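>>> have a look; sequence and predicted model below, questions after that.
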4 protein chains.
Amino acid sequence: MIIVTRIGVTEDELDQIRERVESLGLRTHVSRGESRTVIGCIGDEERLQHVPLLSIPGVESVHPVMRPYKLAAKEFSAQPTRIPIGEVQLGGPEVVVVAGPCSVEGEAMLRETALGVKAAGARALRGGAFKPRTSPYSFRGMEEEGLELLAATRVESGLPVVTEVMDTRQVEAVAGHADVLQVGARNMQNYALLTEVGRVHRPVLLKRGMSATIQDLLLAAEYVMKQGNMDVILCERGIRTFETATRNTFDVSAIPVLKSETHLPVLADPSHAGGYRFLVAPLAHAAVAAGADGLLVEVHPDPELAMSDGDQSLDLEGFRAFMRALAPFVTAAGRTLAPQEPAPA
Amino acid sequence: MIIVTRIGVTEDELDQIRERVESLGLRTHVSRGESRTVIGCIGDEERLQHVPLLSIPGVESVHPVMRPYKLAAKEFSAQPTRIPIGEVQLGGPEVVVVAGPCSVEGEAMLRETALGVKAAGARALRGGAFKPRTSPYSFRGMEEEGLELLAATRVESGLPVVTEVMDTRQVEAVAGHADVLQVGARNMQNYALLTEVGRVHRPVLLKRGMSATIQDLLLAAEYVMKQGNMDVILCERGIRTFETATRNTFDVSAIPVLKSETHLPVLADPSHAGGYRFLVAPLAHAAVAAGADGLLVEVHPDPELAMSDGDQSLDLEGFRAFMRALAPFVTAAGRTLAPQEPAPA
Amino acid sequence: MIIVTRIGVTEDELDQIRERVESLGLRTHVSRGESRTVIGCIGDEERLQHVPLLSIPGVESVHPVMRPYKLAAKEFSAQPTRIPIGEVQLGGPEVVVVAGPCSVEGEAMLRETALGVKAAGARALRGGAFKPRTSPYSFRGMEEEGLELLAATRVESGLPVVTEVMDTRQVEAVAGHADVLQVGARNMQNYALLTEVGRVHRPVLLKRGMSATIQDLLLAAEYVMKQGNMDVILCERGIRTFETATRNTFDVSAIPVLKSETHLPVLADPSHAGGYRFLVAPLAHAAVAAGADGLLVEVHPDPELAMSDGDQSLDLEGFRAFMRALAPFVTAAGRTLAPQEPAPA
Amino acid sequence: MIIVTRIGVTEDELDQIRERVESLGLRTHVSRGESRTVIGCIGDEERLQHVPLLSIPGVESVHPVMRPYKLAAKEFSAQPTRIPIGEVQLGGPEVVVVAGPCSVEGEAMLRETALGVKAAGARALRGGAFKPRTSPYSFRGMEEEGLELLAATRVESGLPVVTEVMDTRQVEAVAGHADVLQVGARNMQNYALLTEVGRVHRPVLLKRGMSATIQDLLLAAEYVMKQGNMDVILCERGIRTFETATRNTFDVSAIPVLKSETHLPVLADPSHAGGYRFLVAPLAHAAVAAGADGLLVEVHPDPELAMSDGDQSLDLEGFRAFMRALAPFVTAAGRTLAPQEPAPA
């Protein structure tokens, strides 16, 4: 921590600042400039984190030196973390595509989607049983019944399942049916939920909040990891800005920034980021080119009838085409993609 | 709902769009322009809400006509909603000030704060037992013990208590000790929590999320109200923007916009919005001038020792001065303020 | 300037960093922490401003210590700057209201507006002869003819005139007809224009850009002042955020932040900030409560017929009512307002 | 234009609204809903653009149907616009890379950069003679002398030159020395400048403003095109958001959105968008994957000594490596890249 004093700080004030810092077990180092004086605080910066240094007379600004996250930081792990889901590893050489409907709407549509996306090269099935919806009047998912349909489809298709958990009371039930627990953007700072998913033995897919900085996202991951669950998958899905031409602004830079800051794998969700079907492919290509370890793509057998997010969902034929168009970018990035089965006759 | 078609839409496409809309029980009304055609959809707009209209060939854009909230809308209630807390009503003529520490840190400091802010004119005590903190390494509150201290201080001081609830599993316990349940900015779209606080008989203080639009805030209130709990208090506490000189950007316009859209009372939190002590008074004055029904102010007997938010907390003497400086703006707004007891000798 | 090094920085790298800094005439001061080392740079920070310190191996982050502006900084002037316009001083005890149409549309409407706003207590007339419009197909002002109408109305009404200048080639002509040169939000970083208005002897009203930080605004003022023109009036008029309920987000906090950073007077423009007539009064009250030295208000004799910004303009009767409603907030703020003449019979 | 009325609008109000619209030569079409009535306005929407419809009693909201730009719209041109610069065409099959220093700093460095980037596959030289700088104390370019160095280097290297123009009075001089006139982000809504560059016979490279929507950018292009200069090149260079890990937030979605809205070519500037050297390559890859027609890259022979933007500049060896790493993404996008000459021995 570096403390910068106001112009005209007195010796008494300087002493008070130093005493306060040293009383917490850190050492101080004073550099006197022409108008301001700088106090370097050496030692465990964490102890200063909750101290209202700006309240001490003479202090003008405070500059943290350490990253506030540890377990999520690159320094913590020499190797990139690889998280197995089903037959592949997230964070390994393969660009892993997770696909499926926004909401589980019924048995037939879920089975059709699972088999279709698997044949096209998806490695896991996504689908919401519990849906966070901005309006209380919107369809909010099939809930427990949806979970059971996911579990059944998981067995039948052989695809691991990624599904959202929204309530601390559901964590156990969802962990019993799913391979990966998703924490949605709106719950990224729901610390009770982060703590709870940190206690189960399931990888957690953590979506970036709409107004979360990259540092906030890493601190949310830290909450989960601090409980002992080190298998956190980060996901960029767009942030909120002034631009209204897209549903959110896909922050593609977050991918290389995260890759330089953390050992955790990084996915991208081009469906939610853009909000329109025509943007799914270009944003997916951009994400892979920027270094994403995988993608989350919304697919519905009949998007016009989808009960949520139909405007941004691909149909099964569209998803096959999407995977074919993605392949050259995966190759350019020096990565691999699951092979596509021949189209059904 | 109004549907605008693409240039060159065909008659077949127009028929398909109309059929889809009419199949849901609405009527359609077609206006042919020079290049685009406009289809007015008459009837229950809600039925169209989950329909991916943009997926239908020929559709270019879709414009909702109705407000998506109902119970929270001004049309729902001829009179502004007044919510009694303790001896006053939120939403009535008095500007109600709720004050207290960011976190409950112990019995003595809580009692001293409660008695001090009451004497200075506060009508309720705020204080966090469960604290949402960006870092898992920060102090996260005294939890259950904090709740009990709040309950004891409530009895001793006679001040009603406002405290945050962060987990669906805590709702009952918090409702047992507090007069008002606060839902924090980070949980504004935690729909499981909104549903749960909608089921108890306690007013809910709902803080606007950092990236929530005013409409999002009203939809979050609607979640609570839909469960039967109509006593929702809205709170503007700053939004996230590019400006870094303040902790958040206090959206003062939200106050008159909310007053024109809803019958619910509207508070402002100048402490969190600004993030610095010197901003608390000017932002509070601005909030009252813009029509706020009350204020939430952080007060700590010794801000330099506060375990959280010390940089933006007033001390007790500062709070007395704050209330005195506030009074003329309250009068200018045609409102009243609780009287201040004479300073202790 | 404080330089923080990467974990594992070598002694050689440290030496290189120090040599680079010292070669520019500054001294360095090294504090070795547990993982990172901090280098304080003592001396003229400006010399380091263009140096790409992050390019030097071993450097992780760089923290400026000095404010980048000087002439605009509070330290530069012991007293708040007072800028005379007409019979009053901006920055003095009176809250100065500048009112008038968005665009000059003709002689009669301009005269009627000038006399009307003067009678209601305005101290200066605003009106655009050159209009920056987002679309090239919108009305762009009466240009030179508009300037001449302003000059004539100035003489007739006795009100000083504030009008926008958009092009370096117009500066001389506008300065010949107006009392205050306005630089609009879209030109706040048009450095050629800032330089040119810095060379004339007319106060400059500088509006904050839609995405300008408070620091950017002060640096723009510095451009003008560096040329010798110290009479810069700052104006908060709303910034661009994700919120769409208002035209812009009025950053009321900018007013007290500016008052703490600079000696220059600060106005607010509630008309552009909100974008709707019903927001003009509450935002004006908030601005005055937060410490604004004056207001810029759009007034048109018949807003329904206005050629620009009609939706946010007050009519003359509305402006009289506005001024009466403003008065108690001005008094609460310890300021004065020009008296209102009795309404014409 | 679609006008939606308030709940409880009267027949008289409806008649007034219709009369106002019809008085401008449009027809109206009324659809009565259960609570609100919708008025479709058929005819030339432009005539309604400056009418303050929200000021008419009974009007609640107004929804434009037409795009506000015409010459820039896709409908205006059946084919994508191709703009020749030097030996290639912007907007054709080749991904065109424009490279060079942020500022022209002297003859030797400019010549070395030009020859180096040309050998590595750049097709044009960028370099600023006039520099817009946030601080008036920063280096602001070599100005006229810089222009002459660019002109000389242009002849020597055979590379066309792209350079910024900041002042209407410079347009002629810059057009005399450069092949492409750049309008910077800060001047994107400097309408006097847009008008002036619309009158010369040189392609204009128009950078998106930091807070400009995609629609604002297209309207700025429309300003230039309306003067007769149809050769406008758009450039995404990052927008301002709350994220501070990067200098700006690179809005990669803007590329496919622009490609779907306009026939004009679209470049990306990964150097300014990210602000750090390590981000240049991943953002460039993402831009090409998302469909960009070209890139603007900052290159300096010795970034540590650069007088501006050194932290985000590549050195010559770095640029050669950058171009090699870019090639596979260009191929994946189905585009071509200029060949690289063998490295000098």
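Now that the structure is in, tell me what you want to look at.
>>> in this structure A:Glu112 contacts A:Asp302, no?
No. Shown here, A:Glu112 and A:Asp302 do not form a contact pair, counting by CB atoms under 8 Å, at 9.5 Å. (Each C-beta comes from the backbone N, C-alpha and C, glycine too.)
>>> the two - which one has more neighbours?
A:Glu112 (17 against 14; other CB atoms under 10 Å in any protein chain shown).
>>> which element is the more buried one on?
Secondary structure here is read from DSSP states H and E; on that basis A:Glu112 sits in helix A:107-120.
>>> tell me which helix or strand comes right after that helix.
Toward the C-terminal end, the helix or strand that comes next after helix A:107-120 (DSSP H and E) is strand A:124-126.
>>> helix/strand/coil for A:Gly40?
Using DSSP: H, G, I helix; E, B strand; the rest coil, the secondary structure recorded for A:Gly40 is strand.
>>> host element of A:Ala327?
Mapping A:Ala327 onto the secondary structure by DSSP H and E places it in helix A:316-332.
>>> now swap in A:Val97 and tell me
Once you assign secondary structure using DSSP H and E, A:Val97 falls within strand A:96-100.
>>> can you tell if that strand touches chain D?
No. Using CB under 8 Å from any CB of the partner chain as the criterion, no contacts between strand A:96-100 and chain D are found, and the smallest distance is 15.7 Å.
>>> that strand pairs with which strands, parallel or anti?
Here strand A:96-100 is paired, per DSSP bridges, with strand A:124-126 (parallel), strand A:294-298 (parallel).
>>> per-residue confidence averaged over that strand?
If you average the pLDDT over strand A:96-100, you get 98.
>>> convert the C-alpha atoms of it to PDB, please.
Coordinates of the C-alpha atoms in strand A:96-100 are reproduced here as PDB (Å, rounded to 0.1, in the frame of the first residue of the first chain):
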ATOM      1  CA  VAL A  96     -14.800 -26.800 -25.600                       C
ATOM      2  CA  VAL A  97     -18.300 -25.900 -26.800                       C
ATOM      3  CA  VAL A  98     -21.200 -26.200 -24.400                       C
ATOM      4  CA  ALA A  99     -24.500 -25.900 -26.100                       C
ATOM      5  CA  GLY A 100     -28.200 -26.200 -25.400                       C
END
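>>> how much does it deviate in direction from helix A:107-120?
Going by axes from the mean of the first three to the mean of the last three CA atoms, to 10 degrees, strand A:96-100 is angled at 160 degrees with respect to helix A:107-120.
>>> now the residue of the stretch 1-150 of chain A found nearest chain D, what's its secondary structure?
Among the residues of the stretch 1-150 of chain A, A:Arg67 lies closest to chain D, at 11.7 Å counting by CB to the nearest CB. Local secondary structure at A:Arg67 is given as coil here, using three-state DSSP.
>>> show me what the nearest residue to it once chain neighbours are set aside is bridged to.
Nearest non-adjacent residue to A:Arg67, counting by CB to CB, 6 or more residues apart in numbering or on different chains: A:Ala73, 5.4 Å away. Applying DSSP bridges to A:Ala73 yields these beta-bridge partners: A:Thr262.
>>> how about low-confidence regions in the stretch 151-300 of chain A?
Judged against pLDDT under 70, the stretch 151-300 of chain A has no low-scoring part.
>>> near chain C, which residues of it are found?
Counting by CB under 8 Å from any CB, the residues of the stretch 151-300 of chain A that sit close to chain C are A:Arg240, A:Thr241, A:Phe242, A:Thr244.
>>> most neighbours among those residues, which one?
Ranked by neighbour count (other CB under 10 Å), those have A:Thr241 at the top, with 27 neighbours.
>>> give me the neighbour count for the residue of the stretch 1-150 of chain A found nearest chain B.
Proximity of the stretch 1-150 of chain A to chain B (CB to the nearest CB) peaks at A:Pro52, 2.6 Å away. Look at A:Pro52: counted by other CB under 10 Å, it has 22 neighbours.
>>> and the gap between it and B:Gly310?
A:Pro52 sits 3 Å away from B:Gly310, taking CB to CB, to the nearest Å as the criterion.
>>> intersection of neighbour lists for these two?
For the pair A:Pro52 and B:Gly310, residues contacting each of them under the criterion CB atoms under 8 Å, 6 or more residues apart in numbering or on different chains are B:Pro303, B:Glu304.
>>> quickly check: the helix holding A:Ala327 near chain B or not.
No. No part of helix A:316-332 sits near chain B under the criterion CB under 8 Å from any CB; the closest distance found is 11.1 Å.
>>> tell me which residues of that helix come out buried.
A:316, A:318-320, A:322-323, A:326-332 (16 or more other CB atoms under 10 Å in any protein chain shown).
>>> and which of those is nearest chain C?
Looking across these and measuring by CB to the nearest CB, the closest to chain C is A:Ala332, at 28.1 Å.
>>> residues in contact with that closest one?
A:Ala332 makes contacts with A:Ala289, D:His285, D:Pro328, D:Phe329, D:Thr331, D:Ala332, as judged by CB under 8 Å, 6+ apart.
>>> pLDDT wise, what is the closest residue in space to it that isn't next to it in sequence at?
Among residues not flanking A:Ala332 along the chain, D:Pro328 sits closest, at 3.7 Å (CB to CB, 6+ apart). Per-residue pLDDT puts D:Pro328 at 98.
>>> try the one 5 residues further on
On the pLDDT scale, D:Ala333 is placed at 98.
>>> that one contacts D:Ala289, doesn't it?
Yes. Using CB under 8 Å, D:Ala333 makes contact with D:Ala289 at a distance of 6.2 Å.
>>> what's the overlap in contacts for the two?
With contacts defined as CB under 8 Å, 6+ apart, the residues shared by D:Ala333 and D:Ala289 are A:His285, A:Phe329.
>>> so those two - more neighbours on which side?
In terms of neighbours (other CB under 10 Å), D:Ala289 is the more surrounded of D:Ala333 and D:Ala289; the figures are 30 against 22.
>>> what's the distance between the more buried one and D:Pro101?
The gap separating D:Ala289 from D:Pro101 is 27 Å, by CB to CB.
>>> coming back round to it: now distance to A:Val257 too, for the contacts of A:Ala332, in TSV please.
Below are the contacts of A:Ala332 laid out as TSV (distance: CB to CB, whole Å):
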residue	distance to A:Val257
A:Ala289	15
D:His285	15
D:Pro328	22
D:Phe329	19
D:Thr331	26
D:Ala332	23
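>>> which residues in the stretch 101-250 of chain A form helices?
A:107-120, A:144-157, A:171-177, A:191-197, A:214-226 (DSSP state H, counting those that start in this stretch).
>>> is chain D within reach of the last one?
Yes. In this structure, helix A:214-226 sits against chain D according to CB under 8 Å from any CB; the contacting residues are A:Ile214, A:Gln215.
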